[in-house]
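Visitor: have a look at this fold, sequence not included:
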């Protein structure tokens, strides 16, 4: 009670107006408008947090799965052929600060068929031991899967979705279809391969369109004199652009340097653009809800004109009157923002278990893996997103209180009490 008496009376009266709108019909309607405004702010803030968290989670999940398959930096011959003296190139790259592992590889597009099924495929020839140092997928597959590949055996390891589409299982044979301009009529070469095993990268693009084989077999099948390139793993993947630029200067124009940020740049940029646009769109929802406070405060000012007049006759300044209604409106915005923050974080943290429950309830799949690359709803709430959301909501709520509060400060006691 002592603390309450020490508070400025503007705070006490503003808080009392916020809590006391429950009496008659007019007060009850004002209370309803205030509740709608706070609910709108809460839902808008929660929607912003949930949507941005899901987009962050989706981007992070796809990036992590992508980087479990592809290397952080790749070095190619600028002419597009086999990399000349790849060991010297790899040695130069390995000496560079930040490069933790190197591995040669061959990558070529082809068709893979079995029976009547024919699928486009990226064939990657790898050295399993070296590849395990640069790829999380190869590290995971090195013992149980890649060890089944035998030199000269023309064996291949297929992505799980690709094997499923072809109806191929371990031990069965598939046909690699390669273009051969030297043959009459441009007839393709048909090369039989044996399926050694299958793998799951967790990324639909790779599971449905990638085949792994030993690098020596790939060089022989594609007629290459050496590896098509060298891939690098970095101790800090976020420095891929910086390391790639340094290697490009050191290795000269004969070597083409490509890092993971360029490999799927359009996808990452589109995600960022969508994130910014969704922030703006959902921020408008918060703005509309915040400006519902204007209606609530205008009605409150009209209803409390006699109270305002009495306070003025007791010596309250226009600034104090304005402060009372700023407190009332800002408190409504604060309550709505905090409620939205708690609701948004609650849903964002548990969205991974909520979506499967909704899918079971509706009997449908909300995220088909062949469309969205991953088959579950990830979430990654970030402080860098949450803080601006809260600040924008509080700022809009404060701005919405200024005009009605100013109108309240302009009330003349004599005119307000004339009909009392």
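Guide: Looks like it came in fine. In this text the structure is predicted, and so the values were computed from the model without any measurement.
Visitor: now do the contacts for the spatially most central residue of the chain.
Guide: With distances taken as C-alpha atoms, centre = their mean, residue 56 lies nearest the centre of the chain, 2.5 Å away. Residues in contact with residue 56 (C-beta atoms under 8 Å, 6 or more residues apart in numbering) are 275, 379, 380, 381, 382, 385. (C-beta placed from N, C-alpha, C; glycine too.)
Visitor: just the ones in helices from the residues you listed, please.
Guide: 275, 385 (DSSP state H).
Visitor: going along the chain, name the strands of the stretch 1-150 of the chain.
Guide: 73-77, 99-114, 117-126 (DSSP state E, counting those that start in this stretch).
Visitor: out of the contacts of residue 56, which is most surrounded?
Guide: residue 379 (23 neighbours; other C-beta atoms under 10 Å).
Visitor: wait, doesn't that one sit right on residue 55?
Guide: No. Counting by C-beta atoms under 8 Å, residue 379 stays clear of residue 55, with 9.4 Å between them.
Visitor: what's the span of stretch 202-222 from first residue to last?
Guide: From its first residue to its last, stretch 202-222 covers 28 Å (C-alpha to C-alpha, to the nearest Å).
Visitor: rounded mean pLDDT for whatever helix or strand residue 198 lives in, please.
Guide: Residue 198 belongs to strand 189-199 when assigned by DSSP states H and E. Mean pLDDT, strand 189-199: 87.
Visitor: so which bits of that strand are buried?
Guide: By 16 or more other C-beta atoms under 10 Å, the buried positions in strand 189-199 come out as 193, 194, 195, 196, 197, 198, 199.
Visitor: of those, closest to residue 111?
Guide: residue 193 (12.0 Å; C-beta to C-beta).
Visitor: need the contact list for that closest one.
Guide: By C-beta under 8 Å, 6+ apart, residue 193 lies in contact with 112, 154, 155, 156, 173, 174, 175, 176, 213.
Visitor: ok, 7 Å please
Guide: Taking C-beta atoms under 7 Å, 6 or more residues apart in numbering, we find residue 193 in contact with 154, 155, 156, 173, 174, 176.
Visitor: would JSON lines of the residues you listed with secondary structure and distance to residue 254 be doable?
Guide: Converted to JSON lines, these look like this (DSSP: H, G, I helix; E, B strand; the rest coil; distance: C-beta to C-beta, whole Å):
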{"residue": "154", "secondary structure": "coil", "distance to residue 254": "32"}
{"residue": "155", "secondary structure": "strand", "distance to residue 254": "33"}
{"residue": "156", "secondary structure": "strand", "distance to residue 254": "32"}
{"residue": "173", "secondary structure": "strand", "distance to residue 254": "40"}
{"residue": "174", "secondary structure": "strand", "distance to residue 254": "36"}
{"residue": "176", "secondary structure": "strand", "distance to residue 254": "30"}
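Visitor: ok so, going back, so what strands line up beside the strand holding residue 198?
Guide: strand 155-159 (parallel), strand 173-178 (antiparallel) (DSSP bridges).
Visitor: what angle do strand 99-114 and the longest one make with each other?
Guide: In this case it means strand 173-178. 100 degrees (axes from the mean of the first three to the mean of the last three C-alpha atoms, to 10 degrees).
Visitor: name the residues of strand 173-178 that come out as buried.
Guide: 174, 175, 176, 177, 178.
Visitor: ditto for stretch 351-368
Guide: Buried residues in stretch 351-368, defined by neighbour count with 16+ other C-beta under 10 Å: 351, 355.
Visitor: same deal with stretch 264-282?
Guide: For stretch 264-282, by 16+ other C-beta under 10 Å, it's 264, 268, 271, 275, 278, 279, 282.
Visitor: if we can go back for a sec, pLDDT wise, what is the residue nearest to the centre of the chain at?
Guide: For residue 56, the model assigns a pLDDT of 87.
Visitor: same question, residue 346
Guide: On the pLDDT scale, residue 346 gets 92.
Visitor: quick one: low-confidence parts of this structure?
Guide: 1-30, 181-186, 303-305, 307-308, 310-312, 314-315, 365-375, 410-420 (pLDDT under 70).
Visitor: once you drop chain neighbours, what's closest to residue 112?
Guide: residue 121 (4.3 Å; C-beta to C-beta, 6 or more residues apart in numbering).
Visitor: okay but that neighbour is in contact with residue 207, surely?
Guide: No. The pair residue 121 / residue 207 is not scored as a contact, 11.6 Å apart, by C-beta atoms under 7 Å.
Visitor: anything in contact with each of the two?
Guide: Joint contacts of residue 121 and residue 207 (C-beta under 7 Å, 6+ apart) are residue 162.
Visitor: follow-up on the earlier one: dump the strands of the stretch 1-150 of the chain into JSON lines; add distance to residue 321 and mean neighbour count as well.
Guide: Shown next, in JSON lines, are those (distance: least, C-beta to C-beta, whole Å; neighbours: other C-beta atoms under 10 Å):
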{"stretch": "strand 73-77", "distance to residue 321": "65", "mean neighbour count": "23"}
{"stretch": "strand 99-114", "distance to residue 321": "67", "mean neighbour count": "19"}
{"stretch": "strand 117-126", "distance to residue 321": "72", "mean neighbour count": "20"}
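Visitor: quick one, which of those strands is nearest to residue 133?
Guide: strand 99-114 (3.4 Å).
Visitor: name the helices or strands packed onto that closest one?
Guide: Packing contacts for strand 99-114, counted by 3 or more C-beta pairs under 7 Å, 6 or more residues apart in numbering; DSSP states H and E, involve helix 86-95, strand 117-126, helix 128-134, strand 173-178, helix 215-222, strand 229-234.
Visitor: put together a markdown table for those, with distance to residue 38 on each row.
Guide: Output for those, formatted as a markdown table (distance: least, C-beta to C-beta, whole Å):
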| stretch | distance to residue 38 |
| --- | --- |
| helix 86-95 | 58 |
| strand 117-126 | 54 |
| helix 128-134 | 53 |
| strand 173-178 | 62 |
| helix 215-222 | 63 |
| strand 229-234 | 49 |
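Visitor: out of these, nearest to residue 253?
Guide: Short answer: helix 86-95, nearest of those by C-beta to C-beta, at 13.4 Å.
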